[in-house]
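Q: Give me the fold of what follows.
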Amino acid sequence: MHSTGLSRSLGRWRALFAAFAALSPLIFFAFSGRCASQAAPQTGTPPTRRQVADFQDVGERAGLKFEIVSGDKQTKKYIIETTGTGVAIFDYDNDGWPDIFIVNGTTLGPQAGQASPTNHLFHNNHDGTFTDVTDEAGLRSSGWGQGVCAGDYDNDGFEDLYVTYYGKNRLYHNEGNGTFKEAAETAGVSGNGKQWGTGCAFVDYDRDGLLDIMVANYVDFDLATTPAPGQGTSCMWKGVAVMCGPRGLKSTPNVLYHNLGHGKFEDVSKKSGIEKTSGHYCFSVSTLDFDDDGWPDIYVACDSTPSILYHNNRDGTFADVAVVAGAAFNEDGREQAGMGSTVADYDGDGRLDIFKTNFSDDSSTLYHNNGDGTFTDATYTAGLGLHTQYLGWGTMFFDFDNDGWPDLLLVNGHVYPEVDKYTLGSEYQEPRILYRNTGKGTFEDVSSQAGPAITRKASGRGLAIGDLWNNGKLSAVITNMGEAPSLLVNEMSYPNHWIAVRTIGTKSNRDGIGAKITIKAGGRVFVNEVRSGSSYSSSNDMRLHFGLGSAAKIDSLEVRWPTGAVESFDAKLDAINSIKEGTGKALKAAAAH
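A: A predicted model of the protein is given here:
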């Protein structure tokens, strides 16, 4: 995790200049005020002149009451104890209300008198609370859980779950009656039991109407042979003995499973080219069609090694083009210790950009899509070179105030508990960061003006965003190391408009994963794609949400389906619109690049 290219003076100087440049607009913003929307089922409070949001952690009163386990709380002898777990927001029972699935880890040895930790499924009660239905759903399981992604892999109309592990991964088939059946072995997607799966995503990479599974793998880890803290060059950090890795440990290739139909998959990692990217320690998976040719590509954030950008060759194979596309390194040409990633059109130019969180003593990275198959590192020009003291994990673009510009939420937390004892420039528990999109290609850090749930410190990992109460107001679920998960609700109200879109494929996969939505409203164009996975080892509400600001009507809504067909639809403002493939007005598809 601790990249050799992280502690560098150039980055520190840039961060200082960025902080100075951001000071004036922040002072102005503190007194100018701004309107917003509430992400809770209650009536919100009107915004004050100084406050831009009021995020409260309602996890406990909402019913998310269990401890997320990841090895020993006080010391981390091995890297497996440090990476934490992910979360999925998805509607498992098709009642129209998003539910929450949270992955749990375990400990190195049994805990006397305690039951083994388990993953948890929480049913949305439609009133701001959730009920733990893990046992009823058949999802009780223990192990070194890591990531999760949701998708309807057999097109039966019910969302399934894929959960990654250090060990064998698990595929939970949704039986359609409130229960799940573990099917990884029979489906051929459990892995060999020796791999360490992290991020994942369902993606129809060959556009055959069946969802495939992309799995990122971290390190080739063996407790029996991994050295103890301090026993090697990769086991020291700033002169202190810490757990070892990932440097010094073997890497393991990523995996791609092709959906054959009838509940069966084939491992196509080798023949697809996914396996060729050796020497990487991989975490998050974010799908996007970065060159807009109608075929899904895959971005993978990697720890202490260059990021991967798998370009879809449209023939069942991929090629890593991250270096030539400018998405492998930062602007100094250095590899970073990447953790989480998220995708959105942050500057309104109609192209999807990438944001990545990194290790401490480094900045996060914003890759601006140039529209010609390349990216430019826009981190510092966008005002995102701050907070190099934090270690970032889950991150998502989301429009918290529905003003039409995607904002950024970052979840932070260190991997070394020793940072508190030895005063190493960071803290083990760290606050979240909320960056407000100014609409001018830049962001402002408004964390101190966004409520106690943002400034609260924790050692966070996974993050998922969703409209949990179907009111157009986005909330966040966060996994925290050694404590209960957080549920962040914005209790401030705003006057802005919004629209959400749920895609239902017929010829395409039923979820419409890979569909591109283009909306025109208020003289602007809004774009995004339906995706599974993303953030850090997590999976978000797949209903695409667009803040529209003051726009009083939608001029047009177009969907380019994964099959390549393009349709236009009528849609309602301030509502969740279900759009079914084949029921819109057919349009001529643009020529592939």
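
Q: what about stretch 280-290, average pLDDT?
A: Stretch 280-290 shows an average pLDDT of 97 in the prediction.

Q: cool, and stretch 352-364?
A: 95.

Q: Could you tell me the end-to-end distance of it?
A: 17 Å (CA to CA, to the nearest Å).

Q: from the middle of its chain, how far away would it be?
A: Put simply, stretch 352-364 sits 13 Å off its chain's centre (CA atoms, centre = their mean, to the nearest Å).

Q: cool, stretch 161-173 as well?
A: The answer for stretch 161-173 is 17 Å, by CA atoms, centre = their mean.

Q: With stretch 270-279 instead?
A: 23 Å.

Q: Only the buried residues of it, if you could.
A: Buried residues in stretch 270-279, counting neighbours by 16 or more other CB atoms under 10 Å, are found at 272-277. For glycine as for every other residue, the C-beta is placed from the backbone atoms N, C-alpha and C.

Q: How about residues contacting that stretch?
A: Under the criterion CB atoms under 8 Å, 6 or more residues apart in numbering, residues 205, 214, 251, 253-256, 258, 268-269, 300, 305, 308, 310, 313, 316-320 lie in contact with stretch 270-279.

Q: And the buried ones among the residues you listed, selectable in ChimeraX?
A: This is how ChimeraX selects the buried members of those, with burial counted by 16+ other CB under 10 Å:
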select :205,214,251,253,254,255,256,258,268,269,300,305,308,310,317,318,320
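
Q: quick one: which of the contacts of stretch 270-279 sit in strands?
A: Counting by DSSP state E, the contacts of stretch 270-279 place 214, 251, 255-256, 258, 300, 308, 310, 318-320 in strands.

Q: Point out the least confident member of those, please.
A: Among these, residue 251 carries the lowest pLDDT, at 93.

Q: any idea how far it is from residue 166?
A: 15 Å (CB to CB, to the nearest Å).

Q: got it, and residue 321?
A: 30 Å.

Q: Those two: which has the busier surroundings?
A: residue 166 (24 against 19; other CB atoms under 10 Å).

Q: pretty sure that one is in contact with residue 221, am I right?
A: Yes. Assessed by CB atoms under 8 Å, residue 166 is found in contact with residue 221 at 6.6 Å.

Q: anything in contact with each of those two?
A: The contact sets of residue 166 and residue 221 overlap at 80, 196 (CB under 8 Å, 6+ apart).

Q: what about residue 220, neighbour count?
A: Counted with other CB under 10 Å, the neighbours of residue 220 add up to 16.

Q: now do the one 5 residues further on
A: The burial metric for residue 225, expressed as a neighbour count using other CB under 10 Å, is 9.

Q: Am I right that residue 453 is in a helix?
A: Yes. Under DSSP: H, G, I helix; E, B strand; the rest coil, residue 453 sits within a helix.

Q: for it, what are its contacts?
A: 55-57, 432, 486, 488-489.

Q: Pick out the most distant pair among these.
A: Put simply, by CB to CB the two of these set farthest apart are 432 and 489, 13.7 Å from each other.

Q: Against residue 524, how distant is residue 158?
A: In this view, residue 158 and residue 524 are 36 Å apart by CB to CB.

Q: between these two, which one's more packed in?
A: Shown here are residue 158 and residue 524; by other CB under 10 Å, residue 158 has more neighbours (19 against 16).

Q: Need phi/psi at that one.
A: Per-residue torsions, residue 158: phi -130, psi 140 (degrees, to the nearest 10).

Q: export stretch 262-269 as PDB, just CAs?
A: The C-alpha atoms that make up stretch 262-269 are tabulated as PDB, following Å, rounded to 0.1, in the frame of the first residue of the first chain:
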ATOM      1  CA  HIS A 262     -28.300 -21.400 -17.900                       C
ATOM      2  CA  GLY A 263     -26.400 -20.500 -14.800                       C
ATOM      3  CA  LYS A 264     -23.000 -21.400 -16.100                       C
ATOM      4  CA  PHE A 265     -19.800 -19.300 -16.600                       C
ATOM      5  CA  GLU A 266     -16.500 -19.800 -18.300                       C
ATOM      6  CA  ASP A 267     -13.200 -18.400 -17.100                       C
ATOM      7  CA  VAL A 268     -11.900 -16.400 -20.100                       C
ATOM      8  CA  SER A 269      -9.200 -14.500 -18.200                       C
END
